[in-house]
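>>> I'll drop the sequence and a predicted model, then ask my questions.
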Amino acid sequence: MNPKANMKTKTKSLPAISLIWLVILGISPVVSARLKVVTTLQDLASITSSIGGDRLEVLALAKGYQDPHFVDSKPSFVLQLSRADLLIVAGLELEIGYLPPLLDQSRNERIHPSGAGYLDASKGCDVIKPAGQLTRAMGDVHPYGNPHYWIDPENGRIIAKAVAAKLSELDPAGADAFAKNLAAFETKLTAKEKEWDAKMAPYSGARIVTFHDSWPNFARHFKLEVVDHVEPKPGIPPTPTHTLDVINKIVKEGVKVILVEPYFDSKTPKSIAEKTGTTSVMFYPSVGGKPEIKDYFDLFDYDIDQFVAAMKGKK
């Protein structure tokens, strides 16, 4: 046998032998593959992508133009979840209508609530809790708090920190990169908050009506007062009696704007606006609600500009 050929064969086999020994000794070989992250919302995907950069593959189950309470499950969701290293949820039972069976079908224990690859983004956030005792008669009320908390930029900061910590736990080699990206995210967020606050300052104390109770965190951050909702109760369609009550309240309280999420029927809000002289504004609670809302910062840029334009039009 040719000694050189024999030497080449032995050389080529060394990596394979080394890998076998690593497995025998219980040592995990270093893998350069990117972490696969699944989020339930595009907002969470946007923040996660900002922190993880090119060390991640990130996808969201719900689209920004969909009602996050009611997401149609797809077979592809099960496949995506089965391959995920990390699942990030909004929590507070926002996904309770569709996510649990998908998790069961995925057979991926690491992304179950008790697994290392599970992150509830609501933990640590400023969540607005319901007041008083809750009953079924109150409609679709979330007992653990309003799940639309990400529409407060300071909660976005908290989410980003939690994501960075979880990614560093799952990918220690990327910890420095995650910390650097987090710092950049926070710096940009701080600058944008100053810009947003300046735009909203003239409307501090403004009274508004919203279709659904999606905006308490947004309203509190920007010092707005939500006086009523087009829905008589969360998840209950508008009724003639309640609509009349809303009209009377708008006139009494001097409301100038009605905020409507993109997945609700705009017929009733438009009718109310015509009868009261207010403006019905399509307001987007999530990234991806419109093509131009590409990330978490775009979301506030777009909504705030829409709000300011509507308020200026009513001066």
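Great, that's in hand. Numbers count the residues shown, from 1 in each chain.

>>> please make it C-alpha for all contacts and neighbour counts, starting now.
OK.

>>> list phi and psi for residue 124.
Backbone torsions for residue 124, taken as degrees, to the nearest 10, come to phi 90, psi -10.

>>> can you count the residues close to it?
A total of 12 residues lie near residue 124 under the criterion other CA atoms under 10 Å.

>>> what residues are up against it?
For residue 124, the contacting residues are residue 158, by CA atoms under 8 Å, 6 or more residues apart in numbering.

>>> my read: residue 49 touches residue 55, true?
No: in terms of CA atoms under 8 Å, residue 49 does not count as a neighbour of residue 55; the distance is 9.0 Å.

>>> the two: which is more packed in?
With neighbours defined as other CA under 10 Å, residue 49 and residue 55 compare such that residue 49 has more, 21 against 18.

>>> backbone phi and psi for the more buried one, please?
Its backbone dihedrals place residue 49 at phi -60, psi -40, with angles given as degrees, to the nearest 10.

>>> contacting residues around it?
Counting by CA under 8 Å, 6+ apart, the residues that residue 49 touches are 56, 58.

>>> show me the contacts for residue 179.
With contacts defined as CA under 8 Å, 6+ apart, residue 179 is in contact with 51, 164.

>>> how about 6 Å then?
For residue 179, no residue meets the contact criterion (CA atoms under 6 Å, 6 or more residues apart in numbering).

>>> buried residues, the lengthiest helix in the chain. List them.
Using DSSP state H to assign secondary structure, the helix with the most residues in the chain is helix 175-200. Residues of helix 175-200 classed as buried by neighbour count (16 or more other CA atoms under 10 Å): 175, 177-179, 181-182, 185-186, 189, 192, 196, 200.

>>> show me what secondary structure element comes after that helix.
Past helix 175-200, further along toward the C-terminus, the next helix or strand under DSSP states H and E is strand 207-210.

>>> which elements pack onto that following strand?
strand 225-229, strand 257-260 (3 or more CA pairs under 6 Å, 6 or more residues apart in numbering; DSSP states H and E).

>>> any idea of the pLDDT on the spatially most central residue of the chain?
A centroid search over the chain (CA atoms, centre = their mean) returns residue 43, at 3.5 Å, as the residue closest to the centre. In this prediction, residue 43 carries a pLDDT score of 98.

>>> assumed it was part of a helix.
Yes: assessed by DSSP: H, G, I helix; E, B strand; the rest coil, residue 43 belongs to a helix.

>>> nothing else from me, thank you.
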